[in-house]
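S.K.: Need coordinates for the below:
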Amino acid sequence: LQGIRDLLAAEPQRPGYRVREVNLYFGRWLRHGGIYPGEHMIFFQRLGARYQSGQADVHEGVQVKDPGRLRGHLVHRAYPDIELALDKLNGYTGAEAQGRLKRGVRVDSLSSLLRAVHRFAKNYLWKRGFLDGVQGFLYCFMSGYYVLVYRLKIWEQQRSRRNGRTLG
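M.R.: Numbers count the residues shown, from 1 in each chain. Predicted coordinates for the structure are as follows:
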């Protein structure tokens, strides 16, 4: 990444630097569907930096005031196959559900289905995920499925608590 070489060759002028990310998803670089361009803070000064967790500690990151942006892209080799994608999805949805439960989020099964369909439609149609071919469809489908699964895990926990049982 030329941007990293340039940064290391000079004195950093900003408290942190972000870089764009491109995702290799089932063998194809995705450019649509809301996945590109993702950005990540890769260099930062610890003083003045702030750790910020996601809604449920799944998508965390570091924040600094007035970050710079490096040229080039960070390559994220997301999922080479379906089995790994489903394994990670199961782990991430479990963490997402637990984090949201701790924050008091409540769900029902119908709204969970509607939100999943909405996520798929938003990414596939409005954000043009269909332009990334089969891999774009898979990404958008898995995004919607992710929403459905973490919400159903919350729903299941809520039902178990109401019935006096614990799951786990």
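
S.K.: got a list of what Leu74 touches?
M.R.: Contact partners of Leu74, counting by CB atoms under 8 Å, 6 or more residues apart in numbering, are Leu1, Val19, Arg20, Glu21, Val22, His40, Ile42. Yep, even glycine has a C-beta here, placed from its N, CA and C like the rest.

S.K.: Would you mind stating the distance between it and Gly27?
M.R.: Note on Leu74: its distance to Gly27, by CB to CB, to the nearest Å, is 18 Å.

S.K.: circling back to that earlier point, can you pick the most crowded of the contacts of Leu74?
M.R.: Neighbour tally across the contacts of Leu74 (other CB atoms under 10 Å): the maximum, 22 neighbours, falls on Val19.

S.K.: I'd like the mean pLDDT over the strand or helix carrying it, please.
M.R.: Using DSSP states H and E, the element containing Val19 is strand 16-25. Averaging pLDDT along strand 16-25 gives 88.

S.K.: Parallel or antiparallel, list what pairs with the helix or strand following it.
M.R.: On the C-terminal side of strand 16-25, the closest following helix or strand by DSSP H and E is strand 28-30. Partners of strand 28-30 in the sheet, by DSSP bridges, are strand 16-25 (antiparallel).

S.K.: so how far is the partner strand from its chain's centroid?
M.R.: 12 Å (CA atoms, centre = their mean, to the nearest Å).

S.K.: neighbouring contacts of that strand?
M.R.: Contacts with strand 16-25, where a contact means CB under 8 Å, 6+ apart, come from 1, 3-4, 7, 29-31, 35-45, 49, 62, 64, 67-70, 72-79, 132, 135, 138-139.
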